[in-house]
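**Student:** I'd like to go over a predicted model; first the sequence, then the structure.
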Amino acid sequence: MNLYQSEIHRTRRRVLTLIFAIMAGVGLLALTVIMWFNSSTGPTEAQLADAQEIADEMNGEYEECASDENFFEDSPDWSWALEDEYYEDYSHEEMCAEFFTTGSEWVAEDFIYTYTFHLDREGVYIIMGAVLVVGLLAMLLSASAIGAEWTSGGMANLLVWHPNRLRVWGAKLGAALTITAASLVATAIVAFGLLYLTASVRGEVGNLNAVWWEDSLEIISRTVALGLGMSVLGASLAMLGRHTAIAGGIIAGYLIIGDLLVRFASIALRIEFPERLSLYTWVEAWLLGRKELFQWTAAGREETMVITSTDAGILIGLVIAGFAVLATWAFAKRDVT
């Protein structure tokens, strides 16, 4: 078994890998159950009948009000409206319409809320979210795999038998990317299958034509690419810090407060389009294809800045590549002990 295969075998046998796999599977099932029970193909006959009864009652109240010029004077519940200055210029009909209609006759649909899941409209974004979550787990798993070897002394022992450090680092990155890619693609396929089943039974599949597939596969492909980059970033941070906790702390710190501090600093310094300093802005542009930023000038004119997926891909790629290069240099030059 070569070094690359042994790294894949070692990662697959880790307890944390099993835990993350269970978490991902349970998460997908939970998402399916939520969508299954929240979505429906429409109101039942009983729901329509109850809603129509309410609509008829509301319409009857309006007709009663409109037909009785003294409705507000004679009604203890509505006499207060005549004393309210807000309604002093209202005619009788306008007051009836204000309190008992929405500008038109009430219908049953006004009193019914049903959510119908449409796969062709919402599916790709749900799949994108699922792939992103698994990408985050893969990033933590990659960081943990590297950090655990440093902490246990396994890295020093490995280099005794494989002194070529760049080859060792390449095998570890290759194994992490292989497992991450397989996990992300599997997540996308399983998520689509579960959502298709949900839409077929409890919602609407819609028109999954060639254009839909082209657009959806483009978004999912970019999401998978981001997940692979996240895995490289996690491994690189762990290699630089030589500890899982350091990599996890950096990741969690940025996710929780790092971006918030960047936003506060950009606002305090009065930078144009301060959102562009947030990594989340560039990630959104990469995933969705483009991101438009808006701001108003002192003259009251609106200005727009467009970030394309190409711009975002270059920036995110440079950030990840920068950490990977630093990790490679540190591993090649620093003392192992």
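**Tutor:** That came through fine.

**Student:** helices of the chain, residue ranges please.
**Tutor:** Counting by DSSP state H, residue ranges of the helices within the chain are 3-12, 15-38, 45-67, 71-74, 80-83, 92-100, 119-152, 154-161, 165-202, 210-241, 244-253, 259-268, 279-288, 309-333.

**Student:** out of those, the one nearest residue 106 is which?
**Tutor:** Relative to residue 106, the nearest member of those by C-beta to C-beta is helix 45-67, separated by 4.1 Å. All C-beta atoms are positioned from the backbone trio N, CA, C, and that covers glycine.

**Student:** and the closest one, what does it pack onto?
**Tutor:** Packed against helix 45-67 by the contact rule (3 or more C-beta pairs under 8 Å, 6 or more residues apart in numbering; DSSP states H and E) you find helix 71-74, helix 92-100.

**Student:** can you list the domains in the protein?
**Tutor:** Using automatic domain parsing, the domain parsing of the chain gives 3-40+118-267, 45-111.

**Student:** and among these, the most buried is which?
**Tutor:** Of all the domains of the chain, domain 3-40+118-267 carries the top mean neighbour count, a mean of 17, counting by mean count of other C-beta atoms under 10 Å.

**Student:** centre of the chain to that one, how far?
**Tutor:** Shown here is domain 3-40+118-267, whose average C-alpha point lies 13 Å from the average C-alpha point of the whole chain (C-alpha atoms, centre = their mean, to the nearest Å).

**Student:** picking that back up, in JSON lines: the helices and strands packed on helix 45-67, plus mean pLDDT and distance to residue 144.
**Tutor:** What follows is the helices and strands packed on helix 45-67, written out as JSON lines (pLDDT from 0 to 100; distance: least, C-beta to C-beta, whole Å):
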{"stretch": "helix 71-74", "mean pLDDT": "80", "distance to residue 144": "71"}
{"stretch": "helix 92-100", "mean pLDDT": "80", "distance to residue 144": "62"}
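
**Student:** does residue 323 touch residue 239 like I think?
**Tutor:** No - counting by C-beta atoms under 8 Å, residue 239 is not a contact partner of residue 323; they are 9.1 Å apart.

**Student:** what's the average pLDDT for stretch 49-60?
**Tutor:** Taken as a whole, stretch 49-60 carries a mean pLDDT of 79.

**Student:** quick one: contacts for residue 24?
**Tutor:** For residue 24, the contact set (C-beta atoms under 8 Å, 6 or more residues apart in numbering) comprises 133, 134, 137, 183, 187.

**Student:** should've said residue 297
**Tutor:** The neighbours of residue 297, taking C-beta under 8 Å, 6+ apart as the test, are residue 303.

**Student:** residues in contact with residue 291?
**Tutor:** When contacts are counted by C-beta under 8 Å, 6+ apart, residue 291 is found next to 281, 282, 284, 285, 306, 307, 312.

**Student:** ok, the second one to residue 304 distance?
**Tutor:** Pointing back at residue 282 there. In this structure, residue 282 and residue 304 are separated by 17 Å, where distance is defined by C-beta to C-beta, to the nearest Å.

**Student:** of those two, give the one with the bigger neighbour count.
**Tutor:** For residue 282 and residue 304, the more surrounded residue by other C-beta atoms under 10 Å is residue 282, and the numbers stand at 22 against 9.

**Student:** tell me how far the closest residue to that one other than its chain neighbours lies from residue 278.
**Tutor:** Once flanking residues are discounted, residue 282 sits nearest to residue 312: 4.4 Å by C-beta to C-beta, 6 or more residues apart in numbering. Per C-beta to C-beta, residue 312 is found 12 Å from residue 278.

**Student:** re earlier: could the helices and strands packed on helix 45-67 be laid out in JSON lines, adding distance to residue 230?
**Tutor:** Supplementary listing: the helices and strands packed on helix 45-67 in JSON lines, determined by distance: least, C-beta to C-beta, whole Å:
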{"stretch": "helix 71-74", "distance to residue 230": "64"}
{"stretch": "helix 92-100", "distance to residue 230": "54"}
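
**Student:** closest one to residue 171 among those helices?
**Tutor:** Evaluated over the helices and strands packed on helix 45-67, closeness to residue 171 peaks at helix 92-100, with 73.6 Å, by C-beta to C-beta.

**Student:** what is that closest one packed up against?
**Tutor:** Other helices and strands packing on helix 92-100, by 3+ C-beta pairs under 8 Å, 6+ apart, are helix 45-67, helix 71-74.

**Student:** could those helices be laid out in CSV, adding distance to residue 214?
**Tutor:** Putting the helices and strands packed on helix 92-100 into CSV (distance: least, C-beta to C-beta, whole Å) gives the following:
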stretch, distance to residue 214
helix 45-67, 38
helix 71-74, 60
